[in-house]
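Enquirer: sequence below, structure please.
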Amino acid sequence: MSFKEKINKEKLPKHVAIIMDGNGRWAKGIGKLRIFGHQNGVSAVREAMEGCVDVGVQYLTLYAFSSENWNRPKLEVKALMELLVNTLAKETKTFMQNGVRLNVIGNIQDLPKNCQARLIDTIELTKNNSACVLTLALSYGSRAEIVEATKAIVQRVAAGELRIDDISEKTISEHLFTADMPDPDLMIRTSGEQRISNYLLYQMAYTEFCFLDKMWPEFTREDLYEAIYHYQHRERRFGKTSEQL
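Expert: Modelled structure (predicted):
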């Protein structure tokens with residue numbers, strides 16, 4: 001029996017975040033170049049996206065390219081940017097068929113102009129889709145995001161638009177890239193690594209974590225379903241006792 005059949009549709013996570021790790025190591029393990037792993041990781045993205053749509057998860061956020069990834073070999077970075085453009089062009093039809101709206105977070109201005117243009121076009125084309133919001137974190141780093149949010153809040157205080165005593169957790173959330181989406185309920189990371197790598201640090205204060213040993217190109221929607229199933233059997237207390245729930 002598929003884990004999909006075991007999922008309680010009344011207790012779905014609203015937002016699933018994924019760290020897509022292990023593309024390069026998977027490729028090296030079969031004697032291929034790292035970019036081969038990234039290319040094969042595209043099918044896993046489709047699996048995750050269609051799996052979320054299938055069960056009713058409203059938000060899916062993928063850590064596609066971190067701000068630290070710019071330090072990788074230039075040839076690999078160039079290939080990744082080309083892969084992004086080509087994938088968006090090929091997958092737009094899939095987005096429309098599945099009712100997926102594309103969203104982006106991160107310092108998009110750091111990306112090559114053709115990547116920016118393709119992202120803007122795809123976001124515009126899918127803006128009325130409502131089944132699931134697929135967010136790509138590109139040139140994204142959570143610490144930098146928090147710094148920029150802090151600067152924006154300080155500027156509002158200096159301009160007399162906001163009192164210091166009125167600054168709250170909600171104020172900070174409203175100044176993050178993710179202001180228009182709920183915090184992640186479930187975070188999945190592949191490759192066996194057990195860290196969050198500067199990803200949604202503020203937003204994942206109460207997120208449930210799932211670490212998988214398999215590499216990202218091996219990820220299937222069944223892995224997503226299993227992660228959701230186990231998520232539903234965890235007790236999320238948010239500081240309360242079990243008796244209070």
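Enquirer: so which residues of this structure form helices?
Expert: Using DSSP state H, the helices found in the chain span residues 23-29, 34-55, 74-98, 113-125, 142-158, 169-174, 221-232.
Enquirer: looking at this protein, which residue lies furthest from center?
Expert: G160 (34.9 Å; C-alpha atoms, centre = their mean).
Enquirer: could you dump the helices of the chain to a markdown table with distance to V133, mean pLDDT and mean neighbour count?
Expert: C-beta: built from backbone N, CA, C; applies to glycine. Converted to a markdown table, the helices of the chain look like this (distance: least, C-beta to C-beta, whole Å; pLDDT from 0 to 100; neighbours: other C-beta atoms under 10 Å):
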| stretch | distance to V133 | mean pLDDT | mean neighbour count |
| --- | --- | --- | --- |
| helix 23-29 | 24 | 96 | 18 |
| helix 34-55 | 10 | 97 | 20 |
| helix 74-98 | 11 | 95 | 15 |
| helix 113-125 | 11 | 96 | 15 |
| helix 142-158 | 18 | 98 | 15 |
| helix 169-174 | 17 | 98 | 13 |
| helix 221-232 | 16 | 98 | 20 |
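Enquirer: so for A131, which of the ones you listed sits nearest?
Expert: Ranking the helices of the chain by proximity to A131 (C-beta to C-beta) places helix 34-55 first, at 5.1 Å.
Enquirer: domain map for this structure?
Expert: 11-140+183-235, 142-176 (the TED database).
Enquirer: okay, those in JSON lines with distance to M1 next?
Expert: Output for the domains of the chain, formatted as JSON lines (distance: least, C-beta to C-beta, whole Å):
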{"stretch": "domain 11-140+183-235", "distance to M1": "11"}
{"stretch": "domain 142-176", "distance to M1": "38"}
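Enquirer: count the neighbours of the closest residue to V157 other than its chain neighbours for me.
Expert: Nearest non-adjacent residue to V157, counting by C-beta to C-beta, 6 or more residues apart in numbering: I164, 5.9 Å away. Neighbourhood size, I164 [other C-beta atoms under 10 Å]: 8.
Enquirer: hang on, I164 packs against A158?
Expert: No - at 10.6 Å, I164 does not count as touching A158 under the criterion of C-beta atoms under 8 Å.
Enquirer: what's the closest of the domains of the chain to E5?
Expert: Using C-beta to C-beta, the domains of the chain put domain 11-140+183-235 closest to E5, at 8.7 Å.
Enquirer: one step back: now distance to T207 too, for the helices of the chain, in TSV please.
Expert: Shown next, in TSV, are the helices of the chain (distance: least, C-beta to C-beta, whole Å):
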stretch	distance to T207
helix 23-29	23
helix 34-55	16
helix 74-98	24
helix 113-125	25
helix 142-158	13
helix 169-174	14
helix 221-232	10
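Enquirer: touching stretch 125-136 from outside, list them.
Expert: 49, 52-53, 57-62, 64, 92, 95-96, 98-106, 119, 178, 181 (C-beta atoms under 8 Å, 6 or more residues apart in numbering).
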